[in-house]
Structures are given as C-alpha cells and as structure tokens.
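In: Make a model of this:
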Amino acid sequence: MTPPPERVEPKPVPGRAVSRRRAASIVPHALQSAEWPIRFSFEAYGVGVDVRSNDPVTLDEARRCLPPGARATAQPAAAAATYVLLSEPASDRSPDTALYTLFARGVELARSSRLDALLDQLESDARLTVAEHAPDRVFVHAGVVGWRGRAIVVPGRSFSGKSTLVAELVRAGAEYYSDEYAVCSADGLVHPFAKPLELRNDGERTQRTLDLREIDGVVGTAPLRAGVVLVTRFKRDAVWKPRELTPGAGVLELLNNTVSARRSPESAFVALGQVVRFATVLKGNRGDARETAQALLARLDAR
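Out: All right, here's what the predicted structure looks like:
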C-alpha cells in the first residue's frame, strides 16, 4: 500500500505558506465559483474571512481555527480571504483514510491524509490574513508579555527563539500576551493576541502546545504601553550583554518584522513610533532563555 501523504509544513518565515506543488495546483474554475452551502464566516480586528467545505464534519472541525478576538458573522461584506477545505472519500489508493486539501487565493496551500495537519495550516494562514489586512492595528511578528504594567515586546521571525523566551518570562511571573504578534494601535498601546503558546524542541520544525497552567501562567487582557523592546536571537553559549538602541533604530527593528509594512508603511511607522516613545530598546544575542528572562526582569525591577 502506498503510504499516505505527509503533512505539508508552512514556511518558517513571514509570508504565505504554500505547498511545493504551488505552480501545478491552481484551484479549478468550478471550485472557485461554486456556491458552497457548507460554510461559516468570522471577523477579527475588522478583517472578514470565509471558510467553506464539502463536508459538514470537516467544517465543524475548522471552527476551532479562529484567531484570537474573532467572532462569528453571518457572512463578511468583503472577505479578505476565502478558504476551501475539501474532504475526498477513501480511495483504493488509501482505503482507510480520507484525503484533505486546503485551498486559498486560487492555489492549493496543503494536502494531507491528516485533518489536524490541514487545520494547523488553516489556523496559521488565517492569523496571517488578519495581520495583513487589519485596518486599525499594526501586527508585528513578536512575542509579548506584561510586567509591572508595561509590555515587553520581543520582535523576531520564526526560529529566533522568541516563544522560548516568552515561556520563560511567563514562568518567572510575567503575563502572557502573545508568542506570535504584537498588536499595536495608533496610540502606541500593545494589545493581547493570546493564541496558544507553542514551542519547538531544538532542531525540530514541528511545534507543541504548552498549557499555561503547567507553568502557572496568567493571560494579560489590558492593553499596555511598551516598557522594553528587546531585539534578540538565540545563539548557543552567548552571554546576554545588550546594548541600548535609539528610538529610531527601535522603530526600524519593529518595522522589519511588521506584516503590513509594505502595504501600509506610513500607518505602521506612526504606530511603531508611538510604541517605542516611552520604551527602552535593547539589542543583543542571548544564550539560555531562563537566564536571560531572569536577568531582564531583574534589570527592569532595578530601575
């Protein structure tokens, strides 16, 4: 028997995750134009998203993929993205397993025999859609925690180690805000985007969800002004000795990790300028996440 298809992993950098068969997997015209009766819609941060399927059970499973802050809607007036999740019946090639395919923006994003793999892809891509198109918020790839009424913002791309550092800061008593996006408003406040905290083991691409209860974590709910913007990457055996950057350099570091920087650079620049206005901007490689978290919080408490 031919083994079932493996999960298609999303790209570990900001941008759209697609399968390696992208060029050859354009959605048929009939699929694009069909009025699927099995569907649901949601809105998050002013962004509408439509999700469709040919199978009600599959669609019910997809309902758990809503981003933080999402609410169900009858149908968005103008959806920023439409996702189609198809469930193919078991075939002679794989008689014990249905095959699932996820489409968006006219291309196949992923295909797998495992529905959970496709739902992970849907969840991640839907969050990115919201981050790209939110009209009144600027989304920065960053981890965020709250400490003594101020936000600690850790900008960084995937594999920079920000989620690991966020987990250690939460373990040390900080409030959890996000391990993926710092959601910033024009007044410079940083808002919660508390998706489940996910960590990677060393050298692995796949992630595991960390239950905050395991580390006595608390989720922050109130918008905060940034106290620190920490620009750092994990480097084995590094000793954390950060240097302080100017506010202007801090804006550029944040802008480099901003999802909407190309689409709406002016509004992003204004909001990020407000974020760093009262914050200290630190930059430097780090080693052990727990040691760095403890050193950072001790430094803040010593002010």
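In: Going by C-alpha atoms from here, please, whenever you check contacts or count neighbours.
Out: Will do.
In: What residues of stretch 257-270 count as buried?
Out: 257-261, 267-270 (16 or more other CA atoms under 10 Å).
In: no, scratch that, I was asking about stretch 185-200
Out: In stretch 185-200, counting by 16+ other CA under 10 Å, buried: 185-186, 188-199.
In: Could you list which of the buried residues of stretch 257-270 belong to helices?
Out: Residues of the buried residues of stretch 257-270 located in helices (DSSP state H): 267-270.
In: residues contacting residue 187?
Out: By CA atoms under 8 Å, 6 or more residues apart in numbering, residue 187 lies in contact with 271, 274-275.
In: and it, what element?
Out: Residue 187 is located outside every helix and strand, with elements delineated by DSSP states H and E.
In: I'd like to know which elements the longest helix along the chain is packed against.
Out: Looking across the chain with DSSP H, the single longest helix is helix 115-133. Using 3 or more CA pairs under 8 Å, 6 or more residues apart in numbering; DSSP states H and E, the elements in contact with helix 115-133 are strand 47-53, strand 79-88, strand 99-104, strand 107-112, strand 138-147.
In: Each with direction, which strands does the third one pair with?
Out: Read it as strand 99-104. Using DSSP bridges, the strands paired with strand 99-104 are strand 79-88 (antiparallel), strand 107-112 (antiparallel).
In: Could you check the angle the first one makes with strand 47-53?
Out: Between the axes of strand 79-88 and strand 47-53, defined by axes from the mean of the first three to the mean of the last three CA atoms, to 10 degrees, the angle is 20 degrees.
In: Return the set of buried residues in strand 79-88.
Out: Buried positions in strand 79-88, judged by neighbour count with 16+ other CA under 10 Å: 80-87.
In: Report the helix or strand with the lowest average pLDDT across this protein.
Out: helix 29-33 (a mean of 44; mean pLDDT, DSSP states H and E).
In: next SSE after it?
Out: strand 38-44.
In: Can you show me the CA trace of that next one as CSV?
Out: The C-alpha trace of strand 38-44 is given here as CSV (Å, rounded to 0.1, in the frame of the first residue of the first chain):
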residue,chain,number,x,y,z
ILE,A,38,-21.5,24.3,3.9
ARG,A,39,-19.7,27.4,5.1
PHE,A,40,-19.1,29.8,8.0
SER,A,41,-17.6,33.3,8.3
PHE,A,42,-15.8,35.2,11.0
GLU,A,43,-14.4,38.7,11.6
ALA,A,44,-11.3,39.6,13.6
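In: In the stretch 201-303 of the chain, where is pLDDT below threshold?
Out: Applying pLDDT under 70 to the stretch 201-303 of the chain flags the ranges 201-205.
In: Okay, helices next: where are they in it?
Out: According to DSSP state H, counting those that start in this stretch, the stretch 201-303 of the chain carries its helices in the segments 247-255, 265-276, 289-301.
In: Might you report the residue contacts of the nearest residue to residue 169 once chain neighbours are set aside?
Out: Using CA to CA, 6 or more residues apart in numbering and skipping residues adjacent in sequence, the residue nearest residue 169 is residue 293, 5.3 Å away. The contact partners of residue 293, taken as CA under 8 Å, 6+ apart, are 165, 168-169, 172.
In: Select, from those, the two members most distant in space.
Out: Using CA to CA, the two most remote members of the contacts of residue 293 are 165 and 172, lying 10.6 Å apart.
In: and these two? which has more neighbours close in?
Out: For residue 165 versus residue 172, neighbours defined as other CA atoms under 10 Å are more numerous around residue 165 (26 against 16).
In: Can you tell me how far the more buried one is from residue 209?
Out: 15 Å (CA to CA, to the nearest Å).
In: returning to that earlier point: nearest to residue 232, of the strands paired with strand 99-104?
Out: Closest approach to residue 232 among the strands paired with strand 99-104 (CA to CA): strand 107-112, 31.2 Å.
In: would you put the C-alpha positions of the closest one in CSV?
Out: In CSV, the C-alpha atoms belonging to strand 107-112 read as follows (Å, rounded to 0.1, in the frame of the first residue of the first chain):
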residue,chain,number,x,y,z
VAL,A,107,-3.8,27.9,-5.0
GLU,A,108,-3.5,24.7,-3.0
LEU,A,109,-1.9,25.5,0.3
ALA,A,110,-1.6,22.0,1.6
ARG,A,111,-2.7,18.4,1.2
SER,A,112,-2.6,15.6,3.8
